[in-house]
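Asks: predicted model and sequence below, questions to follow.
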Amino acid sequence: MESYQLPHFPAHLSYVHAVLFTDVSDADLLRMRLITASTAEGIDGERERDALNFAFIEARLITSAAHLKAAIYQAALADAQGCLRTKTVHSEIIYALNPTHNISEAMRRYGVSDATTALIVVRVTGPELSAEEVKRAMHAVVMGTSTPFAELRNVTDWAAVKKYHKLANETAVRGAQGDLHREHAVIDEIVISSTAMKSVMA
Amino acid sequence: MPGRVCKDPLKNPDRPYLALGLEGSANKFGAGVIKHSEDGSTAVLSNIRHTYVTPPGEGFQPRDTALHHREWALKVINDCLAQANVSIRDVDCICYTKGPGMGAPLQSVALVARTLSLLFNKPLVGVNHCVGHIEMGREITGAQNPVVLYVSGGNTQVIAYSQQCYRIFGETLDIAVGNCLDRFARVIGLSNDPAPGYNIEQEAKRGKRLLSLPYATKGMDVSFSGILTATEAYTVDKRFRVDGQPRDPNNEDFITPADLCFSLQETVFAMLVEITERAMAHIGSKEVLIVGGVGSNERLQEMMGIMAQERGGRVFATDERFCIDNGIMIAQAGLLSFRMGFETPLAKSTCTQRFRTDQVHVSWRA
Amino acid sequence: MSSPSLALISSSTLIAQGAEAKVYKAHLTSNHLEPPVVLKHRFQKGYRHPTLDGSLTRARVAGEARALMKCLRSGVNVPGLRMVDATEGVLGIEWIEGRSVRRLLPAGSNEDEGEPDSEEKPEREAADALQEYGISVEVLMQLIGEEIAKMHLADVIHGDLTTSNMMLRHPTSFNSRNPNLSTELVLIDFGLSYQSSLVEDKAVDLYVLERAFSSTHPESEPLFATVLKAYEQQMGKDWVIISRRLDDGLLCLHARYLLGTNCSYFSASARSQA
C-alpha cells in the first residue's frame, strides 16, 4: 500500500492511501455490492456505504502513479473548494481521470466493471484512520493480490488509454516512431498533464 | 557606466525666457505664458482655455470646432497676456501645436501663430502635442524619469524616455480611451459640459453592478472598440432601465446607466493600469506619470496609485488645469526646444494630423 | 474557506517574481523524494475590481494550461502540468532540472543583471557549462530553431521568446533516446502565449527572439543564422512567407512592445539614473 499526505489540505482530506490489486476475482460481485449500497436504507445501508467508502479504479487505464496522484490532487482540491462535480471525493477521482465531462461515462470507463482484473483502491481521509485500518478495510472488500505500484506498467492497457485520450494521431505520439518505451513515456506525460488541467480544459 | 552622472544638456538660461503657447488640436482653445528663469526655475504666468461644448448626444465636428477657435483666439490670447502682465513684444517665441489632432482646428491655430509671428517678428516653434503633455506633467509633478500613461480623447499611449526619444511601449490598436468614454456618454445622453468624461466619472460613482465586458490587452497594447460596442449593447438589453429605477420594486435584476459607466470605467482603466505596470516592470521604473484629459479621472488615479504602491513606487498626476489640453504645456515643451536652438521656419510652419510621440528629438534631455 | 493552494504557496520557496506572477518551488505531497513542482501564482491585483480580477486570472491560468497541453500533444518539449487551481490563480508545472539557455551562452558585458555567478569570465564559464550538457553552441542553436518550429507548426505563439525562456535538461536527470544527444531543449513560460495560424504572428515571435539575442548575447548573434536554418528545415513550405515578413522592417513596429529592440537601451539608462 502507498500512503502519503497532502499537508496543505483541510484535515479530512489530508491523508491518502492507495493499493493496487491484481488478479482481482470478484469484480462483478463488488460492482453489484456498490450498486446495492448506494440505495440501501437505514443503519445497514450506512454501514455498507462506510465499508465501501473508497474509490475503485480500473487500473488498466492508469499510466503511472503520477497519473493517479494528479487525479487525487484535483479531486481533493475540488472538495476543499466546495466545487465537487460528483457526490464524494472518491467519485470525483474517477471523474477527474476521464478526459470528458460526462460523469456516467467516467464511472463506466474508470470505475470497476465486471471484467476488471486489476483494481486501484483509494481512500482520502483524515489522520484519525490509521494506514493499517484502511488496509484491512480494503482487503475486506476486494479479492486480489496487493501489488507494488511499480508493477502498474505491466497492467496498463496502452491501446485503451490512447483511444480514450484520442492520442492515436497526435504528433507527439507519432513522433515516437514505434519506439514503445518512448511512446509510453510520451503518453504518460500527456495523460498526467490533461488530468491535472481538466478543470480548465477547453 | 558606474559613477557617471548624466546631466541634461540644457543649461540654465543667461536671462529670463518667455514663451507664448497656443493649443487647439481638439475642442479646446488654450493660450498660456511660461517663464524660465536664470536659476532654472519655471513659472506659469497664465493659462487660459475656452472649450467648445456641444449639446448632449453630439460630438464636435472639425469645421465647427475650427470656427470656435477662430472666434475665441484673440480674446483668449489677450486675456492670457493681460493676466501674465506681459506684452507680446516681450515673449521670446510663439509655440503652437503642430500635431497630432484634428486638421481644421490645428490649421486655424497655426494660422493665428503664424500671423502673430509675422506681426511681431517672433520665431515660431511647432510642438508635438503629446510631448507637451509629458513635459508639463514632468514640470508640475517633479517626476524624474517616469513611465508615462498618456490618455485623452485622441490618444492612448504608454511611453518611456530613452536616448533622447519618448518611446511608445504600448498604445491603442483602435480608438482612444477618452473617445470610448465620450462616445458612450453620448449614447446614454450625458451632458458634454464640462466634459463627457467628467460626467461618466460622476455617474460611475453611483454604479454597483460590475457587468461583464471584453478585456482586450495584447502584450502592451490595448483595444477599446469592442468594449464600446459591448457596453452599448447593454443599453438595448431588456434589463436596462434608463431612469435607473426597476420596473418592479422586487426585481433586483436590472441595469442602470450608472452600472454601465461603472463597469466601463473599471474595465478600461484596469487594462490601462495593467499595460503601464508591464512597462514599469520591463524597464525597472518605480514612477508613473498620468497625463492627458482622462488623467484627471480620480478613479484612474486611484487605481494607478494602488498599483504603484504594490510595486513600492508612486504615481504622479496633475489636475484638470494641466491634464486637459491647454496652452501652457505647448509653451513649456516649445520653450525647452527653443532654448536648445530649435525653431520652425515660417515656410515649414505646417501642422499635421499624424505626428507620433517617438518622432520628436528630445534634445533637452540626456 | 481555507485554500489549499495558498497554504501550499506559503510553505514554498519563492524563486522569481514578475509583474503578473510569482514563481515558487514546491512539493505537492509530504513525499519529498518525489520531484518538486514549479508553482506559478498569478496573485491578486488590488487595483482591479475583485470580480474582474477573478475572471481574468481564471481565463489566463486556463489559457496558459491549454497552450502547454497543445504543445505536449504536438510533441513540443515543454514542462508537463501537475496541478491547476484557476480560482486561486495557481498553475503547477513540472520541475525541469537544468539551466536556462541565457546562462549557457556568453553574455554581453553589461547584461549580467540578476546573474551573480556570471561576474567573472562569463564566456569561459558558459563554455564549460555547455560542455557539461554535452553539446556545442551550434547544436544548441539547432535545437532552438527546431523547437520553435514545432511550436509554430502547432499554431502556438509563445509571445515572449527570450533565451531566459528556454532550458536545457541536465544530462543526469534526462533519459535521452538519441545516442548523440544527452540533453533536450525545453520551452518555458507560456504566460503571454496565444493560438494563431497567422504568418505575421509567427514572424513577430522569431523577430523578438532575434532582438533578444542581439541585446543579451551580442557575441552569439551570428549564430542566429543557425537557429533560422533549423527552423526553416522543420517548418517546410511555410518558411518562405515567414522569412519574407521577417525581412520586412515593419515588424519592428509590431514587436515594439515586446522590447527586444529597446531593452538594452532601457537597462542602460535605468542604471545611469540610479
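Replies: Perfect, I can see it now.
Asks: state the phi and psi torsions of the residue nearest the centre of chain A.
Replies: The centroid of chain A falls nearest to A:I57 when counting by CA atoms, centre = their mean (4.0 Å). When read as degrees, to the nearest 10, the backbone of A:I57 gives phi -120, psi 130.
Asks: go on, B:K286?
Replies: When read as degrees, to the nearest 10, the backbone of B:K286 gives phi -110, psi 0.
Asks: residues contacting it?
Replies: B:280, B:308, B:311-314 (CB atoms under 8 Å, 6 or more residues apart in numbering or on different chains). C-beta here means a position set from N, CA and C on the backbone, and glycine is covered the same way.
Asks: distance of B:D319 relative to chain A?
Replies: 45 Å (CB to the nearest CB, to the nearest Å).
Asks: contacting residues around the closest residue to the residue nearest to the centre of chain A other than its chain neighbours?
Replies: Among residues not flanking A:I57 along the chain, A:I120 sits closest, at 4.2 Å (CB to CB, 6 or more residues apart in numbering or on different chains). With contacts defined as CB under 8 Å, 6+ apart, A:I120 is in contact with A:18-21, A:55-57, A:59, A:62, A:68.
Asks: top of the residues you listed by neighbour count?
Replies: Counting neighbours by other CB atoms under 10 Å in any protein chain shown, the top entry in the contacts of A:I120 is A:F56, with 29 neighbours.
Asks: beta partners of that residue?
Replies: Per DSSP bridges, the residues bridged to A:F56 are A:V121.
Asks: I'd assumed A:R123 was in contact with it.
Replies: No - the pair A:F56 and A:R123 fails to qualify as a contact (CB atoms under 8 Å) at a distance of 10.7 Å.
Asks: tell me how far the residue nearest to the centre of chain A lies from chain B.
Replies: 39 Å.
Asks: who's in contact with that residue?
Replies: Counting by CB under 8 Å, 6+ apart, A:I57 has contacts A:68, A:93-94, A:97, A:110-112, A:119-122.
Asks: show me those residues that map onto helices.
Replies: Applying DSSP state H to the contacts of A:I57, the entries found in helices are A:68, A:93-94, A:97, A:110.
Asks: from those, which is closest to chain C?
Replies: A:L68 (11.9 Å; CB to the nearest CB).
Asks: pull the contacting residues for the closest one.
Replies: A:18, A:57, A:62, A:120, A:122.
Asks: cool, and C:L181?
Replies: C:L181 touches C:134-135, C:139, counting by CB under 8 Å, 6+ apart.
Asks: and A:V24, by the same measure?
Replies: A:116-119, A:142-144.
Asks: then B:V360?
Replies: B:128, B:131, B:165-166.
Asks: and the contacts of B:K286 as a markdown table, adding distance to chain C and neighbour count?
Replies: Listed next are the contacts of B:K286 as a markdown table, based on distance: CB to the nearest CB, whole Å; neighbours: other CB atoms under 10 Å in any protein chain shown:
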| residue | distance to chain C | neighbour count |
| --- | --- | --- |
| B:M280 | 7 | 23 |
| B:A308 | 9 | 23 |
| B:R311 | 8 | 15 |
| B:G312 | 12 | 7 |
| B:G313 | 12 | 17 |
| B:R314 | 14 | 15 |
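Asks: okay, and which of the residues you listed map to strands?
Replies: B:R314 (DSSP state E).
Asks: what's the closest of the contacts of B:K286 to B:E58?
Replies: Distance to B:E58 across the contacts of B:K286 (CB to CB) is lowest for B:A308, with 37.2 Å.
Asks: skipping its backbone neighbours, what lies nearest that closest one in space?
Replies: Closest to B:A308 by CB to CB, 6+ apart is B:V315, at 4.5 Å.
Asks: what about the helices in the stretch 1-150 of chain B?
Replies: Counting by DSSP state H, counting those that start in this stretch, the stretch 1-150 of chain B has helices at residues B:62-84, B:103-120, B:129-141.
Asks: can you say which of those helices is nearest to B:G327?
Replies: helix B:62-84 (6.8 Å).
Asks: what packs against that closest one?
Replies: Applying 3 or more CB pairs under 8 Å, 6 or more residues apart in numbering or on different chains; DSSP states H and E, one finds that helix B:62-84 contacts strand B:17-23, strand B:28-36, strand B:42-51, helix B:103-120.
Asks: doesn't C:Q131 fall inside a helix?
Replies: Yes - counting by DSSP: H, G, I helix; E, B strand; the rest coil, C:Q131 is part of a helix.
Asks: count residues in the vicinity of it, would you?
Replies: By other CB under 10 Å, neighbour count at C:Q131 equals 10.
Asks: give me every residue that touches it.
Replies: For C:Q131, no contacting residues are found, by CB under 8 Å, 6+ apart.
Asks: check what pLDDT it gets.
Replies: We have a pLDDT of 86 for C:Q131.
Asks: TSV for the contacts of B:K286, including distance to B:R70?
Replies: What follows is the contacts of B:K286, written out as TSV (distance: CB to CB, whole Å):
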residue	distance to B:R70
B:M280	42
B:A308	42
B:R311	47
B:G312	50
B:G313	44
B:R314	42
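Asks: ok, which residues in the stretch 1-150 of chain C are in contact with chain B?
Replies: With CB under 8 Å from any CB of the partner chain as the criterion, the stretch 1-150 of chain C meets chain B at residues C:18-20, C:45-49, C:51-52, C:55-56.
Asks: and the furthest pair within the residues you listed?
Replies: C:G18 and C:T51 (23.7 Å).
Asks: C:N165 contacts C:I188, correct?
Replies: Yes - using CB under 8 Å, C:N165 makes contact with C:I188 at a distance of 5.4 Å.
Asks: show me where chain C has its strands.
Replies: C:13-17, C:22-26, C:37-41, C:81-85, C:90-94, C:98-100, C:156-157, C:166-169, C:185-187, C:194-195.
Asks: quick one, which of these is nearest to B:N192?
Replies: strand C:194-195 (38.7 Å).
Asks: kind regards, and thank you for your time.
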